[in-house]
Structures are given as structure tokens and as C-alpha cells.
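*Asks:* Quick check, what structure comes out for this input:
(chains A and B)
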Amino acid sequence: GAVVSQHPSRVICKSGTSVKIECRSLDFQATTMFWYRQFPKQSLMLMATSNEGSKATYEQGVEKDKFLINHASLTLSTLTVTSAHPEDSSFYICSADRAEAFFGQGTRLTVV
Amino acid sequence: GENVEQHPSTLSVQEGDSAVIKCTYSDSASNYFPWYKQELGKRPQLIIDIRSNVGEKKDQRIAVTLNKTAKHFSLHITETQPEDSAVYFCAAYSGNTGKLIFGQGTTLQVKP
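*Replies:* Numbers count the residues shown, from 1 in each chain, chains lettered A, B, ... in the order given. Next comes the predicted model:
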């Protein structure tokens, strides 16, 4: 199946700093990628849809100025968590634009 | 908006018994229904899926059924094994919105 690679797998940052997470489709071109957030023992919640060459579409309740998404190429989407706070600590995971969602490995973000 | 309800939230069975997880969806435009298995700290892995033009699909010990009229779909695992223990998520994909919406998850425990 298709391969989606996400980096980093784990990151610890200080409160107030920004963190960038990369999601790459390795063997196909993805015009659309999806970003999810998963809190412990909870489901995957769609945060936003990343569209190559255009603005991302955010789900209700997700702050677009806090979670910056850039999809500059057909193989790379990035999520930047700006001015991170401890409540942003979560598992962030991306997927590519197939109904058969192929997920990246996920990024465990811890804000201290 | 789109919604997927999943039950039960936890399920404990003896090794060799069957396990059934049920989901309902709200978006009548949903046309693809994947099931994922997620182990702790890892990405969700697709285990089986079904499209809206099919009522049932089986793959070895795993089967999925779909009732489009009632907007229900279910996962059936037979002859459960301890390695089946994990969190299982159902999801519904809408061709209209391009979104994959997840159920809340079911923690399955298979006791040896």
C-alpha cells in the first residue's frame, strides 16, 4: 500500500515555542492530506484538511492561527503548532488523500 | 455534521470466543467504511473495509457487515486470540466531503 511518513515521531518542547511536524507521501502524489489529533484513550479527531497549493480547511473549533498548515508540494504537508501550551500535548497524525487512509507514524507532542 | 457512533467502548472476551463491534453513521453520502486496529502508541492499521455496494465482506477471522438502510455496520472477529487485543476504530468516508470520520473506539481485551 501507499506509504506516508511523518516526522518527528516524538517531540518535547517548552511552553510558548512552536513545533513543526512533517507529513510526506513517499510513493504517490497527495493533493489532499488530513491532520488528526488523538488524546489518550480517545478517538482520532479531524483537525483540518490540507490542500496542495491552497489554504487548509479547518474543522469547527480548531484555531487556524494556532495550527498552521502548509501544503506546498504534492508530497509534503506540514503542521506547525504555534505558541504551544501543555494542553496541546497530544498525538498528532496525518493521512493522505485516499479513502483507504494511509497514516503516518504519528507524532507524540509533549509541551512542558 | 457527520457523526459516527461506536459501541461498546470496551469489550472483554475469552480466547476463542467471538467479538462484535457495532457502528452507526449519520451522513447518508458515506460510501466507504474501513476498520482500523491501533496498538498503543502506534498508527491505526487498516484491517478490513467495505464499500456501500456490498453487504458483507470476510477476510479469514474478520468480517464486516453493512446495512445501508439502517446506516449500521459491524465488525466480527471469530476465534479471537490474545494478539487481537487492541483498540479498534470504525470510520465512515463521505465522497461528498472527502472526510473520514472515526467512531470513538473499542478497547478489545482477549483473555488467554
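*Asks:* Tell me the residues on chain B that lie near chain A, please.
*Replies:* Counting by CB under 8 Å from any CB of the partner chain, the residues of chain B close to chain A are B:1, B:32, B:34, B:41-44, B:46, B:49, B:89, B:91, B:93, B:95, B:98-105, B:107. Bear in mind the C-beta positions are built from the backbone N, C-alpha and C, glycine included.
*Asks:* From those residues, keep the buried residues only.
*Replies:* B:32, B:34, B:43-44, B:49, B:89, B:91, B:93, B:99-105 (16 or more other CB atoms under 10 Å in any protein chain shown).
*Asks:* out of these, who's nearest A:Leu109?
*Replies:* Using CB to CB, B:Arg43 is the member of these that lies nearest A:Leu109, at 15.0 Å.
*Asks:* tell me the contacts of the closest one?
*Replies:* Neighbouring residues of B:Arg43 by CB atoms under 8 Å, 6 or more residues apart in numbering or on different chains: A:93, A:103-106.
*Asks:* Report the secondary structure state of it.
*Replies:* Put simply, B:Arg43 is coil when judged by DSSP: H, G, I helix; E, B strand; the rest coil.
*Asks:* Pop out the phi and psi values for the residue most central in space within chain A.
*Replies:* Geometric centre of chain A, nearest residue: A:Trp35, 4.0 Å, by CA atoms, centre = their mean. For A:Trp35, the backbone dihedrals (degrees, to the nearest 10) come out as phi -110, psi 130.
*Asks:* Please apply the same query to B:Glu83.
*Replies:* According to degrees, to the nearest 10, B:Glu83 has phi -70, psi -10.
*Asks:* Helix or strand: which one has the closest residue to it other than its chain neighbours?
*Replies:* Leaving aside its sequence neighbours, B:Glu83 sits nearest to B:Val110 (CB to CB, 6 or more residues apart in numbering or on different chains; 7.9 Å). Using DSSP states H and E, B:Val110 sits in strand B:106-111.
*Asks:* and the gap between the residue nearest to B:Glu83 and B:Lys99?
*Replies:* Taking CB to CB, to the nearest Å as the measure, B:Val110 falls 32 Å from B:Lys99.
*Asks:* How about A:Arg24?
*Replies:* Distance, A:Arg24 to B:Lys99, by CB to CB: 21 Å.
*Asks:* same check, this time on A:Val11
*Replies:* Between A:Val11 and B:Lys99 the computed distance is 27 Å (CB to CB).
*Asks:* do B:Pro112 as well
*Replies:* With distances taken as CB to CB, B:Pro112 is found 39 Å from B:Lys99.
*Asks:* Any part of the helix or strand containing A:Met47 near chain B?
*Replies:* Taking DSSP H and E as the definition, A:Met47 sits inside strand A:45-51. Yes: contact of strand A:45-51 with chain B (CB under 8 Å from any CB) involves A:45-46, A:49.
*Asks:* quick revisit: filter the contacts of B:Arg43 by proximity to chain B?
*Replies:* A:93, A:103-106.
*Asks:* For chain B, state which of the residues you listed is nearest.
*Replies:* Within the ones next to chain B among the contacts of B:Arg43, the smallest distance to chain B is 4.3 Å, found for A:Phe103 (CB to the nearest CB).
*Asks:* I'd say the closest one and B:Pro44 touch.
*Replies:* Yes: applying CB atoms under 8 Å, one finds A:Phe103 in contact with B:Pro44, separated by 5.6 Å.
*Asks:* No further queries at this time; thank you.
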